[in-house]
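Student: Quick check, what structure comes out for this input:
(one chain, ligands or ions: 1)
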Amino acid sequence: MNRLAVDFLGNHLKNPVVMASGTYGFGTEYARFYDPAELGGFSTKGLTLEPRPGNSGIRLWETPSGLLNSIGLENPGIDDFVGRIWPEIKDLDTLILANVGGKDEESYLEAVRRLNDIDIPIIELNISCPNVKAGGMAYGMEPDKAGEITEKVKNVSRHPVMVKLSPNAGDLVGVAKACEQAGADALSLINTLQGMAIDWRTKKIVFDNTYAGFSGPAVKPVALRMVHQVCGAVDIPVMGLGGITTWQDALEFMLAGASCIQIGTAGFADPYAPLAVIDGLERYCEDEDVMLADLIGKAVK
Ligand SMILES: Cc1cc2nc3c(=O)[nH]c(=O)nc-3n(C[C@H](O)[C@H](O)[C@H](O)COP(=O)(O)O)c2cc1C
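Tutor: Below is the predicted model of the structure:
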């Protein structure tokens with residue numbers, strides 16, 4: 001009996017552990033550690049219409065319990081994904097999400113149109129990247145703008161669309177509801193919190209882009225609160241993430257209402273972290289004699 005199986009938008013996941021966008025490449029990079037088919041799924045690096053070299057300067061900066069990144073959506077572009085990468089990964093026995101970013105409305109829409117040529121199960125619409133100068137997080141900050149881009153993307157996409165939300169939005173629940181009303185099939189949250197670093201030795205701001213995205217264990221309580229709030233406000237499924245490192249973290253996000261979870265930064269510290277999460281959840285469900293899916297949203301006061 002598989003106690004970890006979950007359903008997400010009609011897809012059967014063997015377990016709820018999905019690797020987060022930007023932390024798992026296109027799946028094949030991690031194949032030398034373990035078979036990606038052991039995962040519930042993974043989300044690709046953020047794809048944009050044109051290839052992007054990413055940001056100049058320092059891109060990663062460790063802090064106590066967290067990581068700052070300023071990658072700037074480095075990626076080979078949507079055509080290379082559709083024509084070269086997708087044929088290589090499409091038969092992996094795991095759920096693959098295409099994470100899509102954009103600098104303006106048309107670049108989002110055209111990237112999404114080109115994904116209509118392949119059978120990608122879910123598009124993860126990134127309206128929450130804090131590391132690009134144009135577009136990115138700007139679409140995820142206000143309910144109106146988030147709803148507008150969601151509706152337009154839904155109109156051109158033949159695939160289900162999961163909108164990835166920014167913890168930097170002032171009215172996160174408003175943004176979540178606007179996306180649901182605009183037709184989003186699901187939501188994922190959180191993307192990174194905006195942070196910065198200054199090197200006291202040199203007195204210099206560390207990142208060329210000044211601000212960067214903060215992730216890892218330090219953000220977990222904030223992410224958990226946000227996932228709980230959003231799950232209480234919408235009727236569409238939610239993938240929860242932000243600082244998940246252990247199986248207990250994963251369980252907490254599911255108790256808060258997430259249908260499945262994503263792991264990002266923890267996989268940098270230990271590539272096997274997702275497998276340990278899966279093992280831990282399996283043992284817990286066995287010991288408690290429960291099906292994991294039955295625990296979704298079951299946190300009580
Ligand atoms: C190095 C790095 C690159 C990332 N790139 C993307 C990206 O391309 N698209 C995206 O939606 N999120 C991106 N993220 C955000 C993660 O997917 C995730 O939302 C965030 O890191 C919080 O989860 P975590 O604390 O488990 O890492 C990136 C995060 C990191 C650390």
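
Student: Could you check how far the spatially closest residue to Leu39 that is not a sequence neighbour is from Ile296?
Tutor: Sequence neighbours aside, Thr94 is the residue nearest to Leu39 in space, at 5.2 Å (criterion: CB to CB, 6 or more residues apart in numbering). Heads up, the C-betas are built off the backbone N, CA and C, glycines and all. Distance from Thr94 to Ile296, counting by CB to CB, to the nearest Å: 20 Å.

Student: Pro87 too?
Tutor: Taking CB to CB as the measure, Pro87 falls 34 Å from Ile296.

Student: higher neighbour count, the two?
Tutor: Here Pro87 and Ile296 are set side by side on neighbour count (other CB atoms under 10 Å), and the busier one is Ile296, at 20 against 10.

Student: For the residue lying closest to Met196 once chain neighbours are set aside, list the residues it contacts.
Tutor: The shortest distance from Met196 to any residue other than its chain neighbours is 5.1 Å, reached at Tyr211 (CB to CB, 6+ apart). Counting by CB atoms under 8 Å, 6 or more residues apart in numbering, Tyr211 touches Ser70, Pro130, Gln194, Gly195, Met196.

Student: Minimum distance to the ligand, which residue of the stretch 151-300 of the chain gives it?
Tutor: Scanning the stretch 151-300 of the chain for proximity to the ligand using CB to the nearest ligand atom identifies Gly264 as nearest, at 2.5 Å.

Student: need the residues of the stretch 201-301 of the chain near the ligand, please.
Tutor: Within the stretch 201-301 of the chain, the positions near the ligand by CB under 6 Å from any ligand atom are Ser215, Gly216, Val219, Leu241, Gly242, Gly243, Ile244, Ile263, Gly264, Thr265, Ala266.

Student: What segments of this structure are helices?
Tutor: Assigned by DSSP state H, the chain shows helices spanning 78-80, 86-89, 105-115, 143-156, 172-181, 220-233, 247-255, 266-269, 273-288.

Student: Just put the ones you listed in JSON lines and tack on mean pLDDT.
Tutor: Rendered in JSON lines, the data for the helices of the chain read as follows (pLDDT from 0 to 100):
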{"stretch": "helix 78-80", "mean pLDDT": "98"}
{"stretch": "helix 86-89", "mean pLDDT": "98"}
{"stretch": "helix 105-115", "mean pLDDT": "97"}
{"stretch": "helix 143-156", "mean pLDDT": "97"}
{"stretch": "helix 172-181", "mean pLDDT": "98"}
{"stretch": "helix 220-233", "mean pLDDT": "98"}
{"stretch": "helix 247-255", "mean pLDDT": "98"}
{"stretch": "helix 266-269", "mean pLDDT": "96"}
{"stretch": "helix 273-288", "mean pLDDT": "98"}
